[in-house]
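Colleague: Would you be able to build a 3D model of this:
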Amino acid sequence: MEDTRHSDYKNTLKLREEPELWRIIGNSKEIKDVLSKIQTVLESDVPVVIQGETGTGKELVTKAIHYRGPRSKQPLCTINCAAIPENLLESELMGHEKGSFTGAIQQQIGKLERANMGTLFLDEITEMPLAMQAKILRVIEEQVFERVGGQKPIKTNIRIISASNKELLGEVSSKNFREDLYYRLNVFRIHIPPLRDRKEDIPELVNVFVNRFATLSGKKINKPGPSTMDKLISYRWPGNIRQLQNSIRRAILVTTNDTLLPEHFDFPDLDANDLRMIESLEDGLSKLEAALRRGDVLPLSEVEEIFIRRALNATNGNISATSEKLEIGRSTVYRKMQEYGIKIEDYQTV
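Modeller: This next block holds a predicted model:
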């Protein structure tokens, strides 16, 4: 028993000593529990669901599982289900044959095929359309699929890791997620706590990020002093580690000397509703960016909604300023807000 405990401890240390860009940082009880669960599931092939708020490090946990597991020499393929339009998601996952639809000028290998013998990471799995959920269920059950426009069955051997910032069971109750797929995916669950629930890890995270971004910027930056660290520890970090990382990057950019002071950190006062609104905006922008990168076209209504929300967010819900930014009339802004179900109070600060 003592040997087993010693072995588990050594393995946990290894997880903390991974390459700088994706090692898991922290010594809190909460993060040690995450490391322990990663260790438990490493050598198996069971599907894993990672649940946590935006910015908590779900992709980091996925990489820790993949690169320390038996499939580490094989591909890790990621697909963000929220960033790809519904009509293109099947092609991204399954691939397609030449001529299978307008614009399919050549055969494309999908993520399921690329990830063969490796790991497929389905990020924001709850945003996957129900029709696509049924097809993924078949892949899990039969380990076979066909490319869009193809008839030849293609066998696949993959490990599936899913992630969401929502509770999957709640999405099942709301009829947004298939119950049978839920039980197939949710064999082993890892919950990543928000940063506000593991504040004792903040000093170590801060020092790692300061070193990383100071090096990248070519600046010599000292460790933050007590007053700066107190401010960082006391803040709630609704955007979690991603927000902390970006805040430190900005502070290093604006400082004119080798010291990070409290005034270099200007935090917005966000509540849960604010954060959900920002997440929705980020998802929209990610979807637009992914479409543009592929040379695809999104429906005009989707693009309009994304930019109206972005303008409202930038102007704190000021309709006049929003209409000026978008170069449209105030009445058009009001009409479009009603059309897309946008509430002005979601963007106004008290």
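Colleague: all strands of the chain, in order?
Modeller: 48-51, 76-80, 95-96, 108-109, 119-123, 144-145, 154-155, 159-164, 188-191 (DSSP state E).
Colleague: mean pLDDT lowest for which of those?
Modeller: Looking at the strands of the chain, the lowest mean pLDDT belongs to strand 95-96 (a mean of 84).
Colleague: Tell me where the model's unsure across this structure.
Modeller: For the chain, applying pLDDT under 70 flags the ranges 1-22, 268-298, 349-350.
Colleague: Break it down into its structural domains.
Modeller: Listed by automatic domain parsing, the domain ranges of the chain are 2-191, 195-264, 272-346.
Colleague: which ones are touching the closest residue to residue 204 other than its chain neighbours?
Modeller: Sequence neighbours aside, residue 25 is the residue nearest to residue 204 in space, at 5.7 Å (criterion: CB to CB, 6 or more residues apart in numbering). C-beta coordinates here come from the backbone N, C-alpha and C atoms, glycine included. Neighbour list for residue 25: 16, 31, 201, 204-205, 208 [criterion: CB atoms under 8 Å, 6 or more residues apart in numbering].
Colleague: Please apply the same query to residue 250.
Modeller: residue 264.
Colleague: Could you do residue 214 as well?
Modeller: Contacts of residue 214 (CB under 8 Å, 6+ apart): 220-221, 252.
Colleague: so how far is residue 146 from it?
Modeller: Using CB to CB, to the nearest Å, residue 214 is found at 51 Å from residue 146.
Colleague: what about the helices in the stretch 1-150 of the chain?
Modeller: 2-16, 29-41, 58-67, 86-94, 111-114, 130-142 (DSSP state H, counting those that start in this stretch).
Colleague: Any chance of a markdown table for those helices, columns mean neighbour count?
Modeller: Converted to a markdown table, the helices of the stretch 1-150 of the chain look like this (neighbours: other CB atoms under 10 Å):
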| stretch | mean neighbour count |
| --- | --- |
| helix 2-16 | 12 |
| helix 29-41 | 18 |
| helix 58-67 | 22 |
| helix 86-94 | 19 |
| helix 111-114 | 19 |
| helix 130-142 | 15 |
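Colleague: just checking, residue 145 touches residue 156?
Modeller: Yes - counting by CB atoms under 8 Å, residue 145 does reach residue 156; the two are 6.5 Å apart.
Colleague: Common neighbours of those two, please.
Modeller: 112, 139.
Colleague: Confirm for me that residue 213 is in contact with residue 247.
Modeller: No - under the criterion of CB under 8 Å, residue 213 is not in contact with residue 247, lying 10.5 Å apart.
Colleague: ok, residue 251 - contacts?
Modeller: Residue 251 neighbours (CB under 8 Å, 6+ apart): 260, 264-265.
Colleague: Residue 208 versus that one, what's the distance?
Modeller: Residue 251 is 14 Å from residue 208, by CB to CB.
Colleague: any idea where the helices of the stretch 201-350 of the chain begin and end?
Modeller: Assigned by DSSP H, counting those that start in this stretch, the stretch 201-350 of the chain shows helices spanning 202-217, 226-234, 240-254, 272-294, 300-314, 319-326, 330-340.
Colleague: the inter-axis angle of the first one versus helix 226-234?
Modeller: Counting by axes from the mean of the first three to the mean of the last three CA atoms, to 10 degrees, helix 202-217 points 110 degrees away from the direction of helix 226-234.
Colleague: Using CSV, list the CA coordinates for helix 202-217.
Modeller: C-alpha atoms of helix 202-217 as CSV (Å, rounded to 0.1, in the frame of the first residue of the first chain):
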residue,chain,number,x,y,z
ILE,A,202,-2.7,32.4,-7.5
PRO,A,203,0.8,33.4,-6.3
GLU,A,204,2.4,30.4,-8.2
LEU,A,205,0.3,31.1,-11.3
VAL,A,206,1.2,34.8,-11.2
ASN,A,207,5.0,34.1,-10.9
VAL,A,208,4.9,31.6,-13.8
PHE,A,209,2.9,34.0,-16.1
VAL,A,210,5.2,36.9,-15.2
ASN,A,211,8.3,34.9,-16.1
ARG,A,212,6.7,33.6,-19.3
PHE,A,213,5.4,37.0,-20.6
ALA,A,214,8.4,39.0,-19.4
THR,A,215,10.7,36.7,-21.4
LEU,A,216,8.4,36.9,-24.5
SER,A,217,8.4,40.8,-24.2
